[in-house]
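In: make a model of this:
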Amino acid sequence: MSDDRRTYPRLQLDCPCFVTLRRDAGDVPCMVGNISAGGVMLQLPPFCAAEGLPFGEVVSLVEVPQALSGALEGVQGRVAWCSGAQAGVCFDDVLPFGVDDIMDMLDEVC
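Out: Numbers count the residues shown, from 1 in each chain. Here you go, the predicted model:
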């Protein structure tokens, strides 16, 4: 039996999509690895990967590419997991966009 607890379909990004993770300890530039209506997986820079992100820390996404700004700019969530250079953020509110909507938005970028 699979332990895959994902509630929403994930969209793996095939092109670089950079965002800034706003946190009390300071902003962190990140690259989006995948995204769903419920959260996002981020690739962290080396300095942050060494420190890690605390589980449950409240964060928000800022400086989002214009094509995705309507969906992601200012979205708040909590760090759900962190492992090395990757971290998962669970959004506080489910996005009103599905994977197909996000793919359409990314057509302008990728």
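In: Met31 pairs with what?
Out: Assessed by DSSP bridges, Met31 has beta-bridge partners Phe18, Gln43.
In: show me what contacts it?
Out: Pro16, Cys17, Phe18, Val19, Leu42, Gln43 (C-beta atoms under 8 Å, 6 or more residues apart in numbering). Where C-beta positions appear, they are placed from N, C-alpha and C, glycine not excepted.
In: Gly56 versus that one, what's the distance?
Out: 23 Å (C-beta to C-beta, to the nearest Å).
In: can you map out the helices along the chain?
Out: Secondary structure of the chain (DSSP state H): helices located at 46-51, 66-72, 99-106.
In: show me where pLDDT drops low in the protein?
Out: 1-6, 50, 108-110 (pLDDT under 70).
In: quick check, central residue of it?
Out: Val40 (3.0 Å; C-alpha atoms, centre = their mean).
In: who touches it in this structure?
Out: Val32, Gly33, Asn34, Leu61, Leu72, Gly77, Gly88, Val89, Phe91.
In: in CSV: those, plus distance to Asp107.
Out: Listed next are the contacts of Val40 as CSV, based on distance: C-beta to C-beta, whole Å:
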residue, distance to Asp107
Val32, 15
Gly33, 19
Asn34, 17
Leu61, 20
Leu72, 16
Gly77, 25
Gly88, 25
Val89, 24
Phe91, 22
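In: quick one: contacts for the residue nearest to Thr20 when sequence neighbours are not counted?
Out: Spatial nearest neighbour of Thr20, excluding adjacent residues (C-beta to C-beta, 6 or more residues apart in numbering): Glu63 at 4.1 Å. The contact partners of Glu63, by C-beta under 8 Å, 6+ apart, come to Phe18, Val19, Thr20.
In: which of those residues sits closest to Met105?
Out: Val19 (13.5 Å; C-beta to C-beta).
In: and the gap between that closest one and Ala71?
Out: 11 Å.
In: again, but for Asp24
Out: Taken as C-beta to C-beta, the span from Asp24 to Ala71 is 24 Å.
In: the two: which is more packed in?
Out: Neighbour count, other C-beta atoms under 10 Å: between Asp24 and Ala71, Ala71 has more, with 18 against 7.
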